[in-house]
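> Sequence unavailable; structure follows:
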Ligand code: NAD
């Protein structure tokens, strides 16, 4: 597929290809939609096999950010960037700063943040070249690690599920199976425990499992057994695509809500979930806590304001379920409608960057 064909398929506004011979930088920045505001999305630093793979990934991820921010009620558009290469081999301060200057050339239409392969240290270096960067350390006026905000958002979603399924946002005595107890999953287990819920966990990292068992009284199961656990909520917090034709028939939960991106292996797998009578909370609604936290940073970070905004995931998810009921569609389709409706309300305006601000 040619570049213009790829960009045209999902109507991306703009894609910038940047290269710098002295540092070896090869980057693609995709701005999907700025109807609601500047395009925010992280930078993925990854050894893509070729440029076509990198382009496909950045276009897909940028569109995902448009939907996530729109559905979260943020005045932000969607964008994403990739740097092609293995950070362990080609990372240098020169490369990152050169990348920062590439971002700066977009005049604020794209704001970056951390993603796979980039770190807080990279964001600090980028901030020396451009103001259009977020996810800076708290001591530098930034919002720090977004994971606790993401976990807080998953709790808001589980409360909304509780309200709908058992008539109370109270999680006392409820059982949640958490697949993956990394930065988000472990904080989720802590919060669930504080709220009186019981947790069942799995993770290839044995130290993390021991910690959850000893600290939060979690029950540990094997990586494969997590799908068979009888529970109120199954919470995918590891990798994407764990909900598929072989795992969905095994689930013994009432609802699914977790932080992992792209949980459904195929879009059509939502039908398998619906057919089993399981309530699905769409991932991009549930895991918006991190981007909400970063959005607060873009106009002066306040932890209290961030927490209040993250808690609105409860209302956002309830609105998705209501739309699903009203339109007779599944929650995934309803979530896409909610996001698209907000974008359409903006009337196709485009955020023009710094010149618009002056
Ligand atoms: P992380 O890398 O800290 O944690 C992931 C955990 O999953 C690790 O402990 C890993 O050992 C475990 N894992 C890997 N394979 C597994 C398997 N087969 N079964 C069970 N566990 C497995 O990542 P994180 O920051 O906690 O993010 C978790 C998920 O949430 C990711 O999909 C991420 O894209 C998504 N997400 C995270 C944030 C955030 O703020 N960190 C925001 C939005 C979405």
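Yep, that arrived. Keep in mind the model is a prediction, meaning the values are calculated, not measured.

> what about residue 152, helix or strand, and which?
Using DSSP states H and E, residue 152 sits within helix 147-165.

> Flag every buried residue along that helix.
Buried residues in helix 147-165, counted by 16 or more other Cβ atoms under 10 Å: 147-164. To be clear about C-beta, it is placed using only N, CA and C from the backbone, and glycine gets the same treatment.

> Now cross-check the residues you listed against the ligand and list the overlap.
Filtering the buried residues of helix 147-165 for proximity to the ligand by Cβ under 6 Å from any ligand atom leaves 147, 150.

> Moving along the chain from the helix or strand hosting residue 17, name the first helix or strand you hit.
Assigned by DSSP H and E, residue 17 belongs to strand 14-20. Once the chain leaves strand 14-20, the next helix or strand it forms, by DSSP H and E, is strand 25-33.

> which other helices and strands contact that following strand?
Applying 3 or more Cβ pairs under 8 Å, 6 or more residues apart in numbering; DSSP states H and E, we find strand 25-33 packed against strand 14-20, strand 39-40, helix 51-71, strand 77-84, helix 93-104.

> Show me which residues of the helix or strand following the shortest one are buried.
Sequence order places strand 43-46 as the next helix or strand after strand 39-40, per DSSP H and E. Within strand 43-46, the residues that qualify as buried by neighbour count (16+ other Cβ under 10 Å) are 43-46.

> just checking, what packs against strand 43-46?
With contacts taken as 3+ Cβ pairs under 8 Å, 6+ apart, strand 43-46 sits against helix 51-71, strand 77-84.

> any idea of the pLDDT on the residue of the chain found nearest the ligand?
Taking Cβ to the nearest ligand atom, the ligand has its nearest neighbour within the chain at residue 182, 1.8 Å off. pLDDT for residue 182: 94.

> Relative to residue 256, how far out is it?
18 Å (Cβ to Cβ, to the nearest Å).

> more neighbours, those two?
residue 256 (25 against 14; other Cβ atoms under 10 Å).

> Enumerate the residues of the stretch 51-200 of the chain near the ligand.
Checking the stretch 51-200 of the chain against the ligand by Cβ under 6 Å from any ligand atom, the hits are 146-147, 150, 179-185.

> Can you pull the domain assignment for this protein?
3-66+77-133, 147-342 (automatic domain parsing).

> what's the closest of the ones you listed to residue 139?
domain 3-66+77-133 (10.3 Å; Cβ to Cβ).

> From the chain's centroid, how far away is the helix or strand containing residue 123?
Assigned by DSSP H and E, residue 123 belongs to helix 120-127. The chain centre lies 20 Å from the centre of helix 120-127; the measure is Cα atoms, centre = their mean, to the nearest Å.

> same check, this time on stretch 139-159
Offset of stretch 139-159 from its chain centre (Cα atoms, centre = their mean): 11 Å.

> Contacts made by stretch 183-194 with the rest, please.
Stretch 183-194 is contacted from outside by 145, 147-148, 150-152, 154-155, 158, 171, 176, 178-179, 181, 199, 201, 203, 208, 211-212, 215-218, 235, 237-238, 259, 287, using Cβ atoms under 8 Å, 6 or more residues apart in numbering.

> same thing but 6 Å
Where contact means Cβ atoms under 6 Å, 6 or more residues apart in numbering, the residues beyond stretch 183-194 that reach it are 147-148, 150-151, 154-155, 176, 178, 181, 199, 212, 216, 218, 237, 259.

> Would you verify that residue 240 is located in a strand?
No. Counting by DSSP: H, G, I helix; E, B strand; the rest coil, residue 240 is not part of a strand but coil.

> okay but it is in contact with residue 261, surely?
Yes. With contact defined as Cβ atoms under 6 Å, residue 240 and residue 261 form a contacting pair (5.4 Å).

> what angle separates the host helix or strand of residue 178 from helix 147-165?
Take DSSP H and E as the rule and residue 178 turns out to sit in strand 175-179. Between strand 175-179 and helix 147-165, the angle formed by their directions is 140 degrees, by axes from the mean of the first three to the mean of the last three Cα atoms, to 10 degrees.

> Noted, bye for now.
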